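# Quick one, structure for this:
(chains A and B)
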Amino acid sequence: MKLVVIEDEPLVAQRVARFCREIIGGELESLHSAASFDEAGAWLAENSVDVALLDLNLEGQDGMELLRRSVASSFHTIIVSANTDRALEAFEFGVIDFVPKPFTRERLAQALERVRRPGTRAASAARSLAVKKSGRVEIVPVDDVLYAQGAGNYSELVLRSGRRELHDKTLEKLEAILPEEFERIHKSYLVRMSEVKALHAAEGSHYEAELKNGVRVPIGRTRYKEIREKLQ
Amino acid sequence: MEWNSGPVRRWFVNLPPQLQYSEVRFRHGDDAEWAAPAFNDDDWKVTGVWDLPARAGIVWVRFRVRMGPDAKEPVPAGIMVATVRAYEIYWDGMKLGSSGVPAESLEAEVAGNVDELFSLPSGMHGPGEHVVAIRSSSFRCGFPAPKSGFRFLVDSPMVLQQKALREAFVPTLASGALFMTGLASLIMWLLAVRRLTLLLLCGVCLAGATMQAIQAFRWFYHYPADWHFPALTAMTVLMQAQALMTVAVVAVHFEMPRRRWLLVALVPAFATIAWLSPQRYNVAGVWVLATGLGVSFFCAAWAAWRKRLGAWPVVIGVAASAILLSLETDDYRANFFLKFLPVLLGLISALALQTHDERRKARAAALAAARLETELLRKSLQPHFLLNTLAALTEIVEQDPQSAVKLINDMSDEFRSLSRISAEKLIPLSQELELCRAHLRVMNVRLRRTWHLETVGADESRMVPPALFLTLIENGLVYQRAHGDTIFRLAEQSDGDEVRYTFTSPGETKVAAGRKAGGTGLRYVKARLEESFPGQWALEQGAVEGGWETVIRWKPDSREGGRS
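Predicted structure coming up:
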């Protein structure tokens, strides 16, 4: 597991790093500390990261802008901040957890657990997704998303309007922050179940879900039975 | 022969229709024959009632009264005479009575009463023409009057009584009302506000009350002719004092520049005006009052132009009084109270508005002070600051307990400083520096830095708003990125009545736009400066080499105590 700690107070950064090493132990592949998001930028451009532990002063425009940039990235974001009054807002943008300062090792372990264990969801689901678009970060309301299609290291969001948006996160990471209504019906598809109109079984054990707008999405063979039960 | 002409009419606004007065003739000398109704006075000099020579021995005056046949009216059986002259009065050749003893010299003359009533014996006041002859001398007629005269009125005794009462009514009312207003102003001055205008208003009212009391006194207690001119002089002097103090109230209330000179110049001006006016006290008073109203109007109009609070009521009041005065220009005492009432109402309104405004401002100031105190505490005890410090503390507790104790002590120092100053409007610079250094010690532990605060030429006893420089340090920590030089600098310069602080935060500015606005911190600094030095401070800031410079200047108010 690769971590980056973005924290301008050296003592707190030291504490976060120490706890992370203790919690993750041997699974820790790398841990990089930076005093600011800008300072971390260069390192992030060269290295892939699973989780960013971000200290944000969420008061004011600058803090929100940094939060958007972080959640639009390929990695998960855990906020470690004293601004607990802004926690709900952070969750709505799709952070995986919000650790209020001062914190204990147990609380940080709980946050890291959400990232480490596959299929674990965020403490509170995102209500909007940040997508990078020609250098800018745009906000897409989760309510507009019909389904997401995995495409290697990134995902493609298909919206009600038919528009498609690229997201830097993998389908696994998106699944962790999206509401539970989104079901992984195929290894490459994450679908809003309320949009599914009917299930079709084609020849050769090909299963498909027909959405309300007529689009057909494949269903994984191993998941078909489970999906059908959920729909009934 | 002319009837009902000239100044005779003046006294009789409601001249009974069945009565007519002829022109008046007079002659120097003394002859008992001149009382006879049949005596031919055709070669006597025709004159106005008030144009008789003063202090010129014995003079005879003759005129005729014509009575109509209308029996419905009350019988005109009474005569009212008002004069300072000593006289004997004859009706159709019969002596009705006398007031004092007329004589050829001041020593020989005996003064009578100013106001006298005579009754006509029955059978002597029938319809037809009657001859009035008056033998008089006028040594009680005081300087500077060159002439003298008398009021003469024939009517029913009842009507004459009522006329005397009516003359007394308005001045009595005025005297009472002015006295109470003056007393109220004095009590306000003594117990509520030591404001010069209240004292001056008290003076205006008491001078007016005394003047009107003298006027009313004449009608209740008929006084001798000797008293009359001193009484007129006293009333004119009181009128001048009243006019002068009215101008003073307006000028002082609206803080006219050079008002002292204006008021000093008015004293000889009033005396000159009284001297130059037609030489009768009643008219001199009108001129003085008119001048006083004119100058007051000028002052009030200036105040209205300068948009001073309460200027308009005074402008309107003075203008209304001036208009009322212009309607009756021959006697300032006639209906004096009604003429002066608008000015008085204007002045009282202006004072009331000022008091109201001051109370509003005091409330706003108290509110602002409370808000600033809350803001100061919130700024320093704000949850984020505490939580971040506690987050750092948790790490130190586990790693280095001794340093943790030091951090807790540093935090305690800062909070102790804060609790000491939070309720103050101004604190000595020494306490402010102590607070700044305590804050830097906490931040140094938290951020693993070595920030210092250096002062140059600082007078530590000088009084400054609390948390002023602390806020600049906090802004510096947020907005500046310091590398090598980690010293905040505070330099003080003072020349004469101005003190100037130059505060430098080290490091390059992170976001120039946000730095200039300075957020809530800078708003707090400005609010504190305005609270302690309203309109007497300035704040300039900008990037300089190696940091950000904030220059704050103010003029310490002597009231606030520039020093501790």
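# okay, and for the chain, where does confidence drop off?
Unless you meant another one, I'm taking chain A. Applying pLDDT under 70 to chain A flags the ranges A:58-62.
# Please refer instead to chain B.
B:1, B:4-18, B:70-74, B:143-144, B:278-279, B:380, B:484-485, B:511-515, B:518, B:557-564.
# Alongside chain A, which residues does it contribute?
Proximity of chain B to chain A, by Cβ under 8 Å from any Cβ of the partner chain, involves residues B:383-384, B:387-388, B:390-396, B:399, B:445-448, B:511, B:514, B:519. C-beta coordinates here come from the backbone N, C-alpha and C atoms, glycine included.
# What residues sit buried inside the biggest helix by length in chain A?
Determined from DSSP state H, the single longest helix within chain A is helix A:10-24. For helix A:10-24, burial by neighbour count (16 or more other Cβ atoms under 10 Å in any protein chain shown) applies to A:10-17, A:19-20, A:23-24.
# now, which of those residues lie close to chain B?
A:10-12, A:14-15.
# And those residues, which is closest to residue B:40?
Looking at those and their distance to residue B:40, the nearest is residue A:12, at 128.4 Å (Cβ to Cβ).
# looking at it, that closest one is touching residue A:55, isn't it?
Yes: using Cβ atoms under 8 Å as the test, residue A:12 is close enough to residue A:55 to be in contact (6.8 Å).
# shared neighbours of those two, anything?
When contacts are counted by Cβ atoms under 8 Å, 6 or more residues apart in numbering or on different chains, residue A:12 and residue A:55 have residue A:80 as shared neighbours.
# what's the helix or strand encompassing residue B:354 packed up against?
Per DSSP states H and E, residue B:354 falls inside helix B:336-380. In terms of contact count using 3 or more Cβ pairs under 8 Å, 6 or more residues apart in numbering or on different chains; DSSP states H and E, helix B:336-380 is assigned the packing partners helix B:157-187, helix B:196-220, helix B:225-253, helix B:281-305, helix B:311-326, helix B:401-421, helix B:468-479, helix B:519-532.
# if you set the cut-off to 6 Å instead, what comes out?
In terms of contacts (3 or more Cβ pairs under 6 Å, 6 or more residues apart in numbering or on different chains; DSSP states H and E), helix B:336-380 is packed against helix B:311-326.
# Counting by contacts, list what the helix it packs on packs against.
Where contact means 3+ Cβ pairs under 6 Å, 6+ apart, helix B:311-326 is packed against helix B:281-305, helix B:336-380.
# C-terminal to the last one, what's the next element?
The one in question is helix B:336-380. helix B:383-399.
# for that following helix, which positions count as buried?
B:384-389, B:391-396.
# do the same with stretch A:158-172
A:158, A:165, A:167-171.
# One more: stretch B:412-420?
B:413-415, B:417-418.
# Get me the contact residues on chain A for chain B.
For chain A, the residues in contact with chain B (Cβ under 6 Å from any Cβ of the partner chain) are A:9-12, A:15, A:82, A:101-102.
# run the last query once more with 8 Å
A:8-12, A:14-15, A:57, A:59-60, A:62, A:82-84, A:100-103.
# Whichever of those end up buried, select them in PyMOL.
Of these, the buried ones can be selected in PyMOL as follows, counting by 16+ other Cβ under 10 Å:
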select buried, chain A and resi 8+9+10+11+12+14+15+57+82+83+84+100+101+102+103
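# so where do the helices sit in chain A?
A:10-24, A:37-46, A:60-71, A:87-92, A:105-116, A:171-177, A:224-231.
# if we can go back for a sec, from the buried residues of stretch B:412-420, which single one is nearest residue B:345?
Nearest to residue B:345 among those, with distances taken as Cβ to Cβ, is residue B:418, at 52.4 Å.
# how near is the closest one to residue B:525?
Noted for residue B:418: a distance of 16 Å to residue B:525, by Cβ to Cβ, to the nearest Å.
# again, but for residue B:388
Counting by Cβ to Cβ - residue B:388 and residue B:525 are separated by 23 Å.
# same thing with residue B:41?
Taken as Cβ to Cβ, the span from residue B:41 to residue B:525 is 95 Å.
# so what's residue A:126 closest to, chain neighbours aside?
residue A:94 (3.4 Å; Cβ to Cβ, 6 or more residues apart in numbering or on different chains).
# Surely the one you found is in contact with residue A:124?
No: assessed by Cβ under 8 Å, residue A:94 is found out of contact with residue A:124, at 9.8 Å.
# Surely residue B:474 and residue B:521 touch.
Yes: in this structure, residue B:474 is within contact of residue B:521 by Cβ under 8 Å, at 5.9 Å.
# which neighbours do these two share?
In contact with both residue B:474 and residue B:521: residue B:379, using Cβ under 8 Å, 6+ apart.
# List the contacts of residue A:17.
A:5, A:31, A:33.
# Let's see which of those residues end up in strands.
A:5, A:31, A:33 (DSSP state E).
# out of those, which is most surrounded?
Compared across those, residue A:5 has the highest neighbour count, 24 neighbours, by other Cβ atoms under 10 Å in any protein chain shown.
# For that residue, which residues are in contact?
A:13, A:16-17, A:20, A:31-34, A:52-53.
# Those residues: which two are farthest apart?
A:20 and A:34 (14.2 Å).
# Please give the number of neighbouring residues around residue A:197.
By other Cβ under 10 Å, neighbour count at residue A:197 equals 12.
# what's the closest non-adjacent residue to the residue nearest the centre of chain B?
With distances taken as Cα atoms, centre = their mean, residue B:249 lies nearest the centre of chain B, 2.3 Å away. In this structure, residue B:249 finds its nearest non-sequential neighbour in residue B:200, 4.5 Å apart by Cβ to Cβ, 6+ apart.
# For stretch B:84-93, could you pull out the residues that count as buried?
So, applying 16+ other Cβ under 10 Å, buried residues of stretch B:84-93: B:84-92.
# Equivalent analysis for stretch B:469-481, please.
Under the neighbour-count criterion of 16+ other Cβ under 10 Å, stretch B:469-481 has B:469-480 buried.
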